[in-house]
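Enquirer: Coordinates for the following, if possible.
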Amino acid sequence: MTPGRSCPLDYRYEPASLNRPADFSADTLYVIGGLYGNHAALRAIQALAAEESAPVTLVFNGDFNWFNCDEPGFTAINEAVLAHHALRGNVETELANKDGTAGCGCGYPDNVSDEDVERSNAIEARLRETAKAFPALRVRLAALPMTLTADVGGLRVAIVHGDCESLAGWSYDESALRDCEGIARAATHLETAGANLIASSHTCLPVALTLKTANGLSALFNNGAAGMPNFAGTGFGVITRISIRPAATLSALYGTVINKIHVDALAVHYDQAAWQHDFAANWPEGSPAEISYGRRIANGPRYGLNRAMGPGIHISHSLLQQVSAARRSL
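Expert: Sure thing, here's the model as predicted:
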């Protein structure tokens, strides 16, 4: 098993394991994947929740740690996240493990270079050294589930880090959903899980689409990363909002409605300068994280918003208004 390349056997579960009574219920739910230790993004998410007209339930679906290798940053992120619903991603799973034989546990596909895999393993190793000073937190991370299920206004939601077969699965990567085979697999996951919505993260790039399944109209939302830019030339993270109420915020990017429940991708407009300062303090030029992520953190990935919007997903009215206003100002 190549560290960081293959998924450990204990990462795996059956899609049917998600077909269970809801672990919790909410009227409005934020699914926050890939916070990656970004304190500024966490504050921005809390501000978005405070702007809602009614209470918001937060669930962190893994990899809330990554770049926070300083001890104050490590404790602050984990104490804040563990006050809410959370599941463990591969990062948290490997922080809690007794050895580092699985590396970062990312389960990277073959199109990711060996150099990128090695740098991710190095990031995890440094974070693991920080975590060793906090055995109580590591116990709490180990106790987190790999999956959660939620009920939002009667809509059954399966919340996973990777996919419905593995904590580090890549079935919900945008590239895996381009063909009929990938879409059919996602539909089977929804049907077997007894859900009308899957909310995931892990692959670092967002994608959303609707599917016709035996359960009726359903959807898959991968929020990409809450703590890093997701689109070219941007500086904001993305989370998934699921609610009985429409999103009344300028942060809404795109979404759909499933069984009268509104599902939207929200932009997380964090203080980018503050985050870049925090990142550089831990990961200076030439470090593994800076080489792998520095350009993305500064300028976003080579990925357009249009690629995230699959069948049945519509650009938000507020974003259309902003685009129109920008064009008029030219």
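Enquirer: Buried residues in stretch 169-189, which are they?
Expert: 169-174, 176-177, 182-183, 185-187, 189 (16 or more other Cβ atoms under 10 Å). The C-beta positions use only the backbone N, C-alpha and C, and glycine is treated the same way.
Enquirer: Where does pLDDT dip in the protein?
Expert: 1-2, 4-6, 321-330 (pLDDT under 70).
Enquirer: my read: A281 touches D70, true?
Expert: Yes - A281 is within contact range of D70, at 7.3 Å (criterion: Cβ atoms under 8 Å).
Enquirer: of those two, who's got more company?
Expert: D70 (14 against 10; other Cβ atoms under 10 Å).
Enquirer: Do I have it right that the more buried one meets T130?
Expert: Yes - taking contacts as Cβ under 8 Å, D70 lies within contact range of T130: 7.2 Å.
Enquirer: So what touches stretch 240-253?
Expert: Here stretch 240-253 makes contact (Cβ atoms under 8 Å, 6 or more residues apart in numbering) with 26-31, 33, 48, 51, 53-54, 150, 152-153, 155, 157, 197, 199, 221, 223, 238, 255, 260-269, 305, 315-319, 322.
Enquirer: go on, stretch 100-119?
Expert: 1-8, 11, 90-91, 93-94, 120-121, 123-125, 128, 162, 166-170, 173, 175, 288-289, 291-292.
Enquirer: I would like a PyMOL command selecting only the buried ones among these, please.
Expert: In PyMOL, a selection of the buried entries from these looks like this (16+ other Cβ under 10 Å):
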select buried, resi 3+4+5+6+7+8+11+90+91+93+94+120+121+123+124+125+128+162+166+167+168+169+170+173+288+289+292
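Enquirer: Disregarding flanking residues, what is the spatial nearest neighbour of N121?
Expert: Computed as Cβ to Cβ, 6 or more residues apart in numbering, the closest residue to N121 that is not its neighbour in sequence is G103, at 3.8 Å.
Enquirer: What ranges does the protein have for its helices?
Expert: In the chain, the helices defined using DSSP state H lie at 39-51, 71-81, 90-96, 114-131, 135-142, 180-193, 272-282, 288-299, 305-308, 317-329.
Enquirer: So which of those is the most surrounded?
Expert: Neighbour counts (mean count of other Cβ atoms under 10 Å) averaged over each of these peak at helix 90-96, with a mean of 26.
Enquirer: Near the residue nearest to N121, how many other residues are there?
Expert: Neighbours of G103 (other Cβ under 10 Å): 23.
Enquirer: Give me the nearest residue to A76, chain neighbours excluded.
Expert: Nearest non-adjacent residue to A76, counting by Cβ to Cβ, 6+ apart: H39, 6.6 Å away.
Enquirer: tell me the contacts of P21?
Expert: T149.
Enquirer: Phi and psi next, for it.
Expert: The phi/psi pair for P21 (degrees, to the nearest 10) reads phi -60, psi 150.
Enquirer: Make residue 1 into 156 and carry on from there
Expert: Will do, 156 is the new start, and the previous item becomes P176.
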